[in-house]
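1. Need a 3D model of the following:
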Amino acid sequence: MIKLKDISVKFVQGQKTITVLNDVNFSLNKAKIVTIVGKSGSGKTTLLKVISGLIQPNSGVVYLDNNNISQLSLEKRRLRCSEYIGFIWQDFKLIDELTVENNILLPLQIHKKKKDNDFYSQLLKQLDIEHLVKKYPSQLSGGEKQRCAIARALITKPKIIIADEPTGSLDIYTADNISQLFLKSVKQFTELVIIVTHDQKLAQIGDEKYEMIDGKVVMCE
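-> Sure thing, here's the model as predicted:
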């Protein structure tokens, strides 16, 4: 499903070169939830962006569904990845000029997919955002924005869900509800869920658990 081969990502800061991902080799297959933990700055978000085609690594190859996406241009890479992946951003990335409803439905418009009205209603209900659909992002709390961003990522029933700290702005009860939503998604339509989190309880739902250490991905025992 996803394979990273000899991936390195480096950034230049002043006169220093900082290695964020260090020769990463990492393969993920279908029908599972994968959780990744690690200290702030350990490279977790960078790893997700490489998988999603948002960052071109300095070296190495990324395979998505057995296709090498590393040689594609940034625009083509993003489009190809977005056909497979629903990305839940840590900072939400909602569009201020659009209502909550239009934010959620935007991926369907981009990929010219038909809205599943029953699924849409179920999402709103499970995320408790039915009363927010006509509001704008500036009228929402951080937790409300988080839940709307999750709905937007799932609305296309993506094969892969990638979540960067999806419960960071949520209370314990809502965080548990989100965990159940991920588990339900794997059973119904999603083939792979990748979650980066500091939430140890959320991390435990992973069929496979990893930790980012010194720019490498290490499987937890």
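2. and stretch 165-175, which residues are buried?
-> Glu165, Pro166, Thr167, Gly168, Ser169, Leu170, Thr174, Ala175 (16 or more other Cβ atoms under 10 Å). To be clear about C-beta, it is placed using only N, CA and C from the backbone, and glycine gets the same treatment.
3. Please identify which helix or strand holds Val20.
-> strand 16-28 (DSSP states H and E).
4. Hmm, Ala175 is touching Leu202, no?
-> Yes - Ala175 lies in contact with Leu202 (Cβ atoms under 8 Å); the separation is 6.6 Å.
5. Give the residues shared as contacts by those two.
-> Counting by Cβ atoms under 8 Å, 6 or more residues apart in numbering, the shared contacts of Ala175 and Leu202 are Thr167.
6. In terms of helix, strand or coil, where does the residue most central in space within the chain fall?
-> In the chain, the centroid-proximal residue (Cα atoms, centre = their mean) is Ile162; its distance is 2.2 Å. Following DSSP: H, G, I helix; E, B strand; the rest coil, Ile162 is assigned to strand.
7. wait, it sits on Gly53?
-> No - the criterion here is Cβ under 8 Å, and Ile162 misses it with Gly53 at 10.8 Å.
8. any weak-confidence spans in this structure?
-> Residues of the chain meeting the criterion pLDDT under 70: 221.
9. Strands of that one, start to end?
-> 2-13, 16-28, 32-37, 59-64, 67-68, 85-88, 160-164, 192-196, 208-213, 216-219 (DSSP state E).
10. Just want the angle from the longest helix seen in the chain to strand 32-37.
-> Scanning the chain for the helix with the most residues, using DSSP state H, yields helix 172-188. Taking axes from the mean of the first three to the mean of the last three Cα atoms, to 10 degrees, one finds helix 172-188 and strand 32-37 inclined to each other by 140 degrees.
11. mind listing what Ser52 touches?
-> Cys81, Ile85, Phe87, Ile162.
12. Can you tell me which helices and strands the longest helix of the chain packs against?
-> Contact analysis of helix 172-188 by 3 or more Cβ pairs under 8 Å, 6 or more residues apart in numbering; DSSP states H and E lists strand 32-37, helix 117-127, helix 142-154, strand 160-164, strand 192-196, helix 200-203 as its packing neighbours.
13. and with 10 Å instead?
-> strand 32-37, strand 85-88, helix 117-127, helix 142-154, strand 160-164, strand 192-196, helix 200-203 (3 or more Cβ pairs under 10 Å, 6 or more residues apart in numbering; DSSP states H and E).
14. Please identify the buried residues of the second one?
-> In terms of neighbour count (16+ other Cβ under 10 Å), strand 85-88 has its buried residues at Ile85, Gly86, Phe87, Ile88.
15. right, and the pair among these with maximum separation?
-> Farthest pair in those (Cβ to Cβ) is Ile85 and Ile88. Separation: 10.2 Å.
16. Can you work out which residues contact both of those two?
-> Leu48, Ala153, Ile161, Ile162 (Cβ atoms under 10 Å, 6 or more residues apart in numbering).
17. Could you measure from the first one over to Ile85?
-> Noted for Leu48: a distance of 10 Å to Ile85, by Cβ to Cβ, to the nearest Å.
18. same deal with the second one?
-> Here the distance between Ala153 and Ile85 works out to 9 Å (Cβ to Cβ).
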